[in-house]
Each structure stands twice: as structure tokens, then as C-alpha cells.
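Chemist: Show me the folded form of this:
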Amino acid sequence: MKKPASKHTLRNQTFALNLDEPWDTMKAQILIKISDALNPRLLSYKDYEVSWFIPHVLPKPGLSLLNEKDFDILVKQAANLKGNDPTINVTIIQKEDCELNKNEAMVEPTVNEKAKKRVGTVF
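Modeler: Numbers count the residues shown, from 1 in each chain. Presented below is the predicted three-dimensional model:
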């Protein structure tokens, strides 16, 4: 059973990325952080809603980070920021339909589990 949004626990992760890094590197870093924080059985970028925002520049909820085009916008915004180490916040939320599909797959018994359930004790 899924917890209500108010009961979710947030897990903060930090990573540094250079502006000249490609989209695939950013995507890989996000997947590594998801894996470290949640340790899901199956890991796919498509199972998560990823967005980003810059405090005092681009307010929440920010913009999506789905593909290379979105990443290019993020890099352009980051290049315009002043300061030595600008902060860009990335928010990752697991999509509900993917979670339900995974839960349904986990509930479905395998052939071995069915066989175990049919075996009974005879007195």
C-alpha cells in the first residue's frame, strides 16, 4: 500500500556535474542516486518524474528533465548563474502507474510458489 504524499520520507543526495558533461552522464548520475537511495528491483529512468529548479531564479516546481533538450536548457541556465558553485535542485518522484505495475508483478506468484501452496499435510 502506498503512503500518502504527506507521509513520504525525503532522501537528499548531492552530486557535482560539469557544464560540459553530456546528457547521458547526467541521466546516469540520477539513476545512481536513485539506486543508492531506494535500491529498486528494476531501475528505469522512465519510471520517474524528474524536474529541476534554481532557488531565487526558477521557482518550484521548475522544469522537467526528460530528455537532452531539457538538459540543454538546464545547462544554459546554470551557465548564466553567478558564483563559484551554483546550486540546482533536482526533484525525483516515482510515477504511480509504474509502482502499481511493479507491485502487481510482485504479488503474482511464480510456478514454484503455486506448487508450494498446493502441497498440504495429510493426517
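Chemist: what's the burial count for residue 90?
Modeler: The local packing of residue 90 (other C-beta atoms under 10 Å) involves 18 other residues. Just so you know, the C-beta spots here come from the backbone N, C-alpha and C atoms, and that holds for glycine as well.
Chemist: Touching, it and residue 63? I think so.
Modeler: No. Counting by C-beta atoms under 8 Å, residue 90 stays clear of residue 63, with 10.7 Å between them.
Chemist: shared neighbours of those two, anything?
Modeler: Counting by C-beta atoms under 8 Å, 6 or more residues apart in numbering, the contacts common to residue 90 and residue 63 are 51-52.
Chemist: Pull the residues that contact the strand or helix carrying residue 62.
Modeler: In the assignment (DSSP states H and E), residue 62 maps to strand 58-64. Under the contact criterion C-beta under 8 Å, 6+ apart, strand 58-64 has outside partners 49-54, 70, 73-74, 77, 89, 91.
Chemist: Stretch 79-86 too?
Modeler: 19, 54, 57, 78.
Chemist: Buried residues of stretch 63-74, list them for me.
Modeler: 65, 70-71, 74 (16 or more other C-beta atoms under 10 Å).
Chemist: oh sorry, the question was meant for stretch 74-82
Modeler: By 16+ other C-beta under 10 Å, the buried positions in stretch 74-82 come out as 74-75, 77-78.
Chemist: okay, the buried residues of stretch 63-74 in a markdown table with pLDDT next?
Modeler: Listed next are the buried residues of stretch 63-74 as a markdown table, based on pLDDT from 0 to 100:
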| residue | pLDDT |
| --- | --- |
| 65 | 94 |
| 70 | 95 |
| 71 | 94 |
| 74 | 92 |
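Chemist: Where helices are concerned, which of the residues you listed count?
Modeler: Counting by DSSP state H, the part of the buried residues of stretch 63-74 found in helices is 70-71, 74.
Chemist: gap between the nearest residue to residue 50 once chain neighbours are set aside and residue 82?
Modeler: Distance criterion C-beta to C-beta, 6 or more residues apart in numbering; nearest residue to residue 50, sequence neighbours excluded, is residue 65 at 4.3 Å. Distance of residue 65 to residue 82, given as C-beta to C-beta, to the nearest Å: 22 Å.
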